[in-house]
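In: Give me coordinates for this.
(chains A and B)
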Protein chains: 2
Amino acid sequence: MHEAGVVGLLADLLAILLSAKIFGEMAERWGQPVVLGELLGGIFLGFGLIGFFRPEDPVLAILAEIGVILLLFETGINSDLSQLLKAGPVSLAVACVGVAVPFLLGYGLMAFLGYGRMQAVFIGAALTATSVGITARVLSDMGKLGSPEAQIVLGAAVIDDILGIIILSAVQGVASSGSLSWVSVMRTTLMAVIFLAAALWIGPRISSYLVKIVHRMRVRGILIVTAVCFAFAMALLAQALGTAMIVGAFTAGIILARTDKREDIDTTLKPISDIFVPIFFVMVGTKVQLGAYNPIIPANRAMLGLAAALILLAILGKVVSGWAVRGRGLNRLAIGVGMIPRGEVGLIFAQIGLAAGAITAPLYTAVVGMVAATTFISPPLLKKAFVRLERQGR
Amino acid sequence: MHEAGVVGLLADLLAILLSAKIFGEMAERWGQPVVLGELLGGIFLGFGLIGFFRPEDPVLAILAEIGVILLLFETGINSDLSQLLKAGPVSLAVACVGVAVPFLLGYGLMAFLGYGRMQAVFIGAALTATSVGITARVLSDMGKLGSPEAQIVLGAAVIDDILGIIILSAVQGVASSGSLSWVSVMRTTLMAVIFLAAALWIGPRISSYLVKIVHRMRVRGILIVTAVCFAFAMALLAQALGTAMIVGAFTAGIILARTDKREDIDTTLKPISDIFVPIFFVMVGTKVQLGAYNPIIPANRAMLGLAAALILLAILGKVVSGWAVRGRGLNRLAIGVGMIPRGEVGLIFAQIGLAAGAITAPLYTAVVGMVAATTFISPPLLKKAFVRLERQGR
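Out: Numbers count the residues shown, from 1 in each chain, chains lettered A, B, ... in the order given. As a prediction, this is how the structure comes out:
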């Protein structure tokens, strides 16, 4: 009945999954993280050489979102709540430094270059939010999710995501009314805290109840379907309370990790995320329009200079956050590097600014370049930092 | 970015998967096939009591199609090519009888009731095509895919699907030009034969090559992604050659079943189809508008009488096909019953007829009732027939 839609989608998925695996395998052979290959596969598809591939299909965007939700769910399942809580204060410090320093650096640069206050706020905000996806994926592929550094980074990235949404609600107020609405900022903050506290307090009760019901049911696939439904429900709940869906999915994973079905869920979830997760990263890659950064075109050069400066500040601002960790012999560089990747949230800031007329088109292109560069530079840096960790005997 | 679309889809999937499992579990406890529960879960969702569920979301229709493609792929993986080929002539006989008899019965009934030749052709055609999904699912859930009866039914249902598409191309010609185009019918037939022959001849060569490549690759999830891509590619190829996508997916499964990775593919495919396949059956259920068959409304009664007659002929015409099997001590009733369910193809016939003005709205509603009734009646009948088979000591 909907044959045309299915045919198109199957062809798109075929292009995405094959390029994910081909470029992923090449990355693996060159000692690089697989996710870097998937991003490059997306750039390749973005060239438009594969005639039947339609990157603008809205269904692909939705499947990509489901991919990142499943990735964070899987990351949660492989995380240790007690370790996350133990690392909590450190994660909070890392997240706060990693938000404040890039914001100030970005704001300062724009002010120094003579841009207006509004533009400086937007650029500063776009530099703040870490995208947890890349880091989670690299650490998961390396089997390093259990290390203390990984747990600090994950905790910080999740807090960062919440901070990002709080800043977003602030920036949205600034864009629409020209001034900061403290009420909306406070409400967003409160809701996020309520969501996390309630989820971690009520969650274990619900999950042990769920596991009991699942034990008693006989129908095929009940465990994986229940687990996925739980992740979806928590993502929807987080979204309804004004927090990011991926924070909800990650929390769902943490909760189920404490049940005796953890192993079974992890095993059966793997094939599903093997299909969905690459869709997210390849689609991120397709959005990078390399042509816009061609230095041969003179009109691009001023923007390229600005983009280079933003990239530098974006890396510097987050690497510094690793030094918010006190003593303990932890690898601060690995933590700081884990916070580098920026993602969708940075792009959302830039888009709101562009739509509100607060920032210009070249500024927007520079921000997109910063997001792309931090995304592509992080996997190899992260891998290096964690391999060095290993050589240190841990 | 596409948050609204994702939120809606996650909520829809939550409603679909939860009702699939709740009604599926109830069916299981009452000794009925799980798929019957999923269909009932769909009818329940169709009532509109779950406010956030949007059955008309086109993404759901696409995911449902992917569900039935994965189901037929899984069925193929659990089928035995040599047994299918051995059963080939018997399957062909069952398919031909199961197409000819229902067509003649439907045509005869309409002629007897004084309808015109065009209407009689459409109703006859709508009675022909077996929907392999229900039968494959029930047999798979019962672990009976390996029995000779199951292989005969599966072979016949696949041939039936091809016959259905040939009849469809004939009927489409009748609807548009008023006369039969032998050229288009011959072309469709030839293409289907070429596809099957080429797939079964070249397929094993490609699959052993694929397995070799997969063996050499190191990237995570390579086996399941390659297998799913192979299924999608074969479905697209079948579609491009004018055959049904599910025939392509089934063929892909048969081909991979002969590799030494059969077990691994089957294991990792299960969680994926656990998520996708119920979407198909629940969505079939949501399309049944029970209100249209309310006998208290006098205007419905003539249509209901006709629907009842069509249901009777639909069952009779297919059960008879079991008797196309000669001797050998096979359970003919089980084979005939396995051919009963009608599905999408019957509905497509009726829709083309309705759109072309060849059949009236009450006739269309009667056909939809026939499709729904055969779909709902088949799982319990099929289970009974195969349980009886078991009691006979096989």
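In: Which residue is the nearest non-sequential neighbour of the residue nearest to the spatial centre of chain A?
Out: Chain A has A:S131 as the residue nearest its centroid, 2.9 Å off, counting by CA atoms, centre = their mean. Closest residue to A:S131 apart from its sequence neighbours, by CB to CB, 6 or more residues apart in numbering or on different chains: A:G343 at 2.5 Å. C-beta here means a position set from N, CA and C on the backbone, and glycine is covered the same way.
In: give me every residue that touches that neighbour.
Out: When the contact criterion is CB atoms under 8 Å, 6 or more residues apart in numbering or on different chains, the partners of A:G343 are A:129-131, A:133-134, A:284, A:371, A:375.
In: returning to that earlier point: from chain B, how far out is the residue nearest to the centre of chain A?
Out: Distance check for A:S131 against chain B: by CB to the nearest CB, to the nearest Å, it reads 13 Å.
In: from memory that residue sits against A:T375, does it?
Out: Yes. Counting by CB atoms under 8 Å, A:S131 does reach A:T375; the two are 7.1 Å apart.
In: residues bridging contact with these two, i.e. touching both?
Out: By CB under 8 Å, 6+ apart, the residues touching both A:S131 and A:T375 are A:341-343.
In: contacting residues for the closest residue to chain B within the stretch 251-394 of chain A?
Out: Taking CB to the nearest CB as the measure, the point where the stretch 251-394 of chain A comes nearest chain B is A:D274, at 3.0 Å. For A:D274, the set of contacting residues under the criterion of CB under 8 Å, 6+ apart consists of B:220-221, B:224-225, B:268.
In: helix or strand for it, which one?
Out: Element membership for A:D274, per DSSP states H and E: helix A:262-286.
In: Look at A:Y364 and report its pLDDT.
Out: We have a pLDDT of 81 for A:Y364.
In: Same check on A:C96?
Out: Reading off the model, A:C96 has pLDDT 88.
In: what's around it, how many residues?
Out: Here the count is done by other CB atoms under 10 Å in any protein chain shown, and A:C96 has 16 residues near it.
In: What of A:E74?
Out: Residue crowding around A:E74 was assessed by other CB under 10 Å; the count is 25.
In: Same check on A:F112?
Out: As a burial measure, A:F112 scores 10 neighbours (other CB under 10 Å).
In: how far away is it from chain B?
Out: 31 Å.
In: can you pull the contacts of that residue?
Out: No contacts exist for A:F112 under CB under 8 Å, 6+ apart.
In: ok, now A:G8?
Out: Taking CB under 8 Å, 6+ apart, one finds A:52, A:54, A:57 in contact with A:G8.
In: where exactly do the strands run in chain A?
Out: Assignment of strands within chain A using DSSP state E yields no ranges at all.
In: ok, which residues in the stretch 251-394 of chain A are in contact with chain B?
Out: Of all the residues in the stretch 251-394 of chain A, those in contact range of chain B (CB under 8 Å from any CB of the partner chain) are A:268-272, A:274-275, A:278, A:344, A:347-348.
In: now do the stretch 1-150 of chain A
Out: Residues of the stretch 1-150 of chain A lying close to chain B by CB under 8 Å from any CB are A:1-3, A:5-7, A:9-11, A:13-14, A:17-18, A:20-21, A:24-25, A:28-29, A:34, A:37, A:58-59, A:61-62, A:65-66, A:69, A:141.
In: out of those, which are buried?
Out: For those, burial is judged from neighbour counts taken by 16 or more other CB atoms under 10 Å in any protein chain shown, and it is met by A:5-7, A:9-11, A:13-14, A:17-18, A:20-21, A:24-25, A:28, A:34, A:37, A:59, A:61-62, A:65-66, A:69, A:141.
In: Which ones among the residues you listed map onto helices?
Out: A:5-7, A:9-11, A:13-14, A:17-18, A:20-21, A:24-25, A:28, A:34, A:37, A:59, A:61-62, A:65-66, A:69, A:141 (DSSP state H).
In: on that earlier part again, now the contacts of A:G8 as TSV including neighbour count?
Out: Converted to TSV, the contacts of A:G8 look like this (neighbours: other CB atoms under 10 Å in any protein chain shown):
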residue	neighbour count
A:F52	11
A:R54	14
A:D57	16
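In: Any chance of JSON lines for these, columns pLDDT and distance to B:T243?
Out: Written out in JSON lines, the entries for these read as follows (pLDDT from 0 to 100; distance: CB to CB, whole Å):
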{"residue": "A:F52", "pLDDT": "86", "distance to B:T243": "19"}
{"residue": "A:R54", "pLDDT": "88", "distance to B:T243": "24"}
{"residue": "A:D57", "pLDDT": "88", "distance to B:T243": "24"}
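In: before we move on, back to that, I'd like to know which of the contacts of A:D274 is nearest to chain A.
Out: Taking CB to the nearest CB as the measure, B:G221 is the one of the contacts of A:D274 closest to chain A, at 3.0 Å.
In: Per-residue pLDDT of the residue nearest to A:S131, please?
Out: Model confidence at A:G343, expressed as pLDDT, equals 71.
In: ok, the closest residue in space to A:F103 that isn't next to it in sequence - contacts?
Out: With CB to CB, 6+ apart as the criterion, A:F103 has its nearest non-adjacent residue at 4.2 Å, and that residue is A:G124. In this structure, A:G124 makes contact with A:102-107, A:110, judged by CB under 8 Å, 6+ apart.
In: one more time with 10 Å
Out: Residues in contact with A:G124, defined by CB atoms under 10 Å, 6 or more residues apart in numbering or on different chains, are A:99-100, A:102-111, A:167, A:171, A:313, A:317, A:349.
In: Which ones among these map onto helices?
Out: Using DSSP H, the subset of the contacts of A:G124 located in helices is A:99-100, A:102-111, A:167, A:171, A:313, A:317, A:349.
In: tell me the pLDDT at A:L180?
Out: Note on A:L180: pLDDT of 67.
In: quick one on the thing from earlier: show me which of the residues of the stretch 251-394 of chain A next to chain B are buried.
Out: Among those, those that count as buried by neighbour count (16+ other CB under 10 Å) are A:268-269, A:271-272, A:274-275, A:278, A:344, A:347-348.
In: Pick out the lowest-pLDDT one from these.
Out: Of all those, A:E344 carries the smallest pLDDT score, 67.
In: any idea what sits nearest A:V211, other than its immediate chain neighbours?
Out: If you skip the residues right next to it in sequence, A:V211 has A:T259 as its closest partner in space, 4.9 Å away by CB to CB, 6+ apart.
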